[in-house]
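Asker: predicted model and sequence below, questions to follow.
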Amino acid sequence: MGKDGFGRYPVQDVMMLRALVKQMVEHYGQGSVNKAAAAIGLSQPTLYRLHEGLSGQVSHATMVQLERAVVKLDHRLRKQLLLAIMPTAALRLYRRGYSAWCRERSLRLVRRRGQAWWREQDKPPRPVREPWRVNNINADLSSAYSQARQEFPDLFERLHRFVVRKGIPPERYKVAVTRIVEPVAESSASAYFEPRWMDLTPDQRRRFIKAGITREEILMSREHPQILANVLAAGGDPGKDKIQKLVRSQLTSAS
């Protein structure tokens, strides 16, 4: 496990993972590990170790390629791939708890109860008709994100590199982006009392985005959610020392 983030998944069920890899080798390489490795996008030694059941750990990059390959082969096999990495209880907790929370948080702005307002030149703001309320708020968020991304691509590239390095799930990345720009997407919802993106100075806009990214990086700097799922499903406490102790024991038993 890397010092600055999640590095490897401890395999829970080596035999299940081996069986899945054998199916992929048959499909993508007609029985040849070398051909399958090239088709899947993995190195030959890596796929050979998985094929022979010799790997007790799998890197995030390898898991990404395996998941893409298994979904193309048969999307129903994706659950087996996840179960090879997480026990059933952990997978259930991950999906019903963490993934559901990510979806709710990323959609919270557009689903909330509130009122969108519209403003015309030389006229006071007026409420938007109900059928257009959600669309209007969603447009505010999309517009704010688009403007921020266009003005400060270096900051968002920094966040992207962080997310890739840490193996952050896409749904959590979406939560981060939403929370970073959400405060400047509140103008129409507040009847234009809250500032729009364009109402801030260039220096204020950069400091605002940089602060939001820094905050989200802090929140996403814990162990990978998959590790947390295993700890929580086992009744553990996500405290740093306890997690590290359980991870070491998992790695030891897997090897």
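Answerer: The structure has been received and is ready for your questions.

Asker: give me the neighbour count for the closest residue to Arg149 other than its chain neighbours.
Answerer: Distance criterion C-beta to C-beta, 6 or more residues apart in numbering; nearest residue to Arg149, sequence neighbours excluded, is Phe156 at 5.3 Å. Any C-beta I mention is one placed from the backbone N, CA and C, and that applies to glycine too. Residues contacting Phe156 under the criterion other C-beta atoms under 10 Å number 18.

Asker: and for the one 4 residues further on?
Answerer: His160 has 14 neighbours, counted by other C-beta under 10 Å.

Asker: Gly56 now?
Answerer: Burial of Gly56 is recorded as 19 neighbouring residues (other C-beta under 10 Å).

Asker: hang on, the earlier thing: pull out the buried positions in the helix or strand hosting the residue nearest to Arg149.
Answerer: When elements are assigned from DSSP states H and E, Phe156 belongs to helix 153-166. By neighbour count, and taking 16 or more other C-beta atoms under 10 Å as the criterion, the buried residues in helix 153-166 are Leu155, Phe156, Leu159, Phe162, Val163, Lys166.

Asker: so what's Met1 scoring on pLDDT?
Answerer: Note on Met1: pLDDT of 28.

Asker: wait, I meant Ala185
Answerer: Looking at Ala185, its pLDDT stands at 88.

Asker: for Cys102, see how far away Gly29 is.
Answerer: Applying C-beta to C-beta, to the nearest Å, one obtains 35 Å for the distance of Gly29 from Cys102.

Asker: let me redo that: Val231
Answerer: Val231 is 18 Å from Cys102, where distance means C-beta to C-beta.

Asker: again with Ile180
Answerer: Looking at Ile180 against Cys102, where the rule is C-beta to C-beta, the gap reads 15 Å.

Asker: the more surrounded of those two?
Answerer: In this view Ile180 and Cys102 are compared by other C-beta under 10 Å, and Ile180 has more residues nearby, 24 against 20.

Asker: so which elements touch the helix or strand where Ser106 lies?
Answerer: In this assignment (DSSP H and E), Ser106 forms part of helix 100-111. If contacts are counted by 3 or more C-beta pairs under 8 Å, 6 or more residues apart in numbering; DSSP states H and E, helix 100-111 sits against helix 133-151, helix 170-181.

Asker: strand partners (parallel or antiparallel) of the helix or strand just after it?
Answerer: On the C-terminal side of helix 100-111, the closest following helix or strand by DSSP H and E is strand 117-118. Here strand 117-118 is paired, per DSSP bridges, with strand 126-127 (antiparallel).

Asker: what residues does the partner strand touch?
Answerer: The set of residues external to strand 126-127 that reach it, using C-beta atoms under 8 Å, 6 or more residues apart in numbering, is Gln115, Ala116, Trp117, Trp118, Arg119.

Asker: just the buried members of those residues?
Answerer: Buried members of these, scored by 16+ other C-beta under 10 Å, are Ala116, Trp117.

Asker: what is the mean pLDDT for stretch 204-216?
Answerer: For stretch 204-216, the mean per-residue pLDDT is 97.
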